[in-house]
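Chemist: Quick one, fold the following:
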Amino acid sequence: MAKEAGGGGEGALSESVLRKVLISYCYVAVWIFLSFTVIVYNKYILDPKMYNWPFPISLTMVHMAFCSSLAVALVRVFRVVDLPTAPAMTPQLYYSSVLPIGALYSLSLWFSNSAYIYLSVSFIQMLKALMPVAVYSIGVLFKKETFRSSAMLNMLSISFGVAIAAYGEARFDLRGVALQLAAVAFEATRLVLIQILLTSKGISLNPITSLYYVAPCCLCFLFVPWVFVELPRLRAVGMFEPDFFVFGTNSLCAFALNLAVFLLVGKTSALTMNVAGVVKDWLLIAFSWSVIRDTVTPINLIGYGIAFLGVGYYNHVKLQALKAKEAQKKLAQADEEAGSLLQERDSHGERKADTQS
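Modeler: Below you'll find the model as predicted:
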């Protein structure tokens, strides 16, 4: 009977673990699908050979206006999430911490969307493999990362792989490459500044509250270049009446992607999202080649394969560091609990000795 009970307990445990694994895979699948959809949808809208609406600042402003409206409704009207209270978001804290992040985010979105006009989806994903290089380099510059020769060697291998992929690109366009590299640099700087300006101050924002604070200031920052760069062109072509179905569904997908990020990181980890991102990149490369009919050369694949190995090793090192940090945390907790037990035992012994006396 005991064995049967033990077997039943093990079966229930394995079933619970299996359920958690399946739920995690569902979150990963939803995030990959939405991220894939937003990238392909943006490409479809901006590419002159497809929908032919080459106004990346306007498209980004539509996204930010939509996300701002929904975030305000979810926070202020429906009270789905609470705003941070410890510490509270004061005007001074907003200007010093959120505004710089919003400015970098607006530049990152503007340049990354602009790159879709000039480059193929597959090549853009290959260039995005440089993100760990940019994050590590800027982290070292801001003293958030420790310089290690092994890590720098890995960063050089990723850069070497991307350089080979760029050499083999059939539709190489210097403007597009410059725009995408600038987008990577601004996004990496934003990620590092989030650690410096928000995380270090104990401010924790989920994607809804992040959009609530960041999306409106992004909209304001984008308005300035929009007036000088795209408004005259929009007036010239008379395209002030965009398709509400296309832009509405595109904006809805962008907002849903932010929620999917919240679910994926909250229920799994940021590292899981990085690994899922690698899978998404390969799927996008395959889609770009098979459906959009972009040219993907063998040199492209060889170069990206080298970069992929470097990114995989980077994620592996991050995973080992997280495991070591968790183990150290558990060891510290165990030492604290042992110290508490010893203190209780000593105090109990002292009380017993006093009683005997």
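Chemist: so how many other residues sit close to the nearest residue to Leu198 once chain neighbours are set aside?
Modeler: For Leu198, ignoring the flanking residues on the chain, the nearest one in space by CB to CB, 6 or more residues apart in numbering is Ser97 at 5.8 Å. Yep, even glycine has a C-beta here, placed from its N, CA and C like the rest. Using other CB atoms under 10 Å, Ser97 is surrounded by 21 other residues.
Chemist: my guess is Ser97 meets Ile203, correct?
Modeler: Yes - between Ser97 and Ile203 there is a contact at 7.1 Å, judged by CB atoms under 8 Å.
Chemist: quick one, what contacts Ser159?
Modeler: By CB atoms under 8 Å, 6 or more residues apart in numbering, Ser159 lies in contact with 130, 133, 307.
Chemist: so where's this structure shaky on pLDDT?
Modeler: 1-14, 239-240, 265-267, 269-271, 335, 337, 339, 344-357 (pLDDT under 70).
Chemist: Please enumerate the helices of it.
Modeler: 2-46, 56-72, 91-93, 99-118, 121-127, 131-141, 149-167, 174-193, 207-225, 231-237, 244-267, 270-290, 298-356 (DSSP state H).
Chemist: Show me the contact partners of the fifth one.
Modeler: The list of residues contacting helix 121-127 from outside it, by CB under 8 Å, 6+ apart, reads 39-40, 43, 112, 115-116, 119, 162, 165-166, 169, 171-172, 177, 180-181, 184, 281, 284-285, 287-289, 292, 294, 296, 300, 303-304, 307.
Chemist: List buried residues within those residues.
Modeler: When the contacts of helix 121-127 are checked for burial by 16 or more other CB atoms under 10 Å, the buried set is 39-40, 43, 112, 115-116, 119, 162, 165-166, 169, 177, 180-181, 184, 281, 284-285, 287-289, 292, 294, 296, 300, 303-304, 307.
Chemist: Val30: how many residues sit nearby?
Modeler: 16.
Chemist: Excluding sequence neighbours, find me the nearest residue to it.
Modeler: Nearest to Val30 is Ala260, by CB to CB, 6+ apart, at 5.3 Å.
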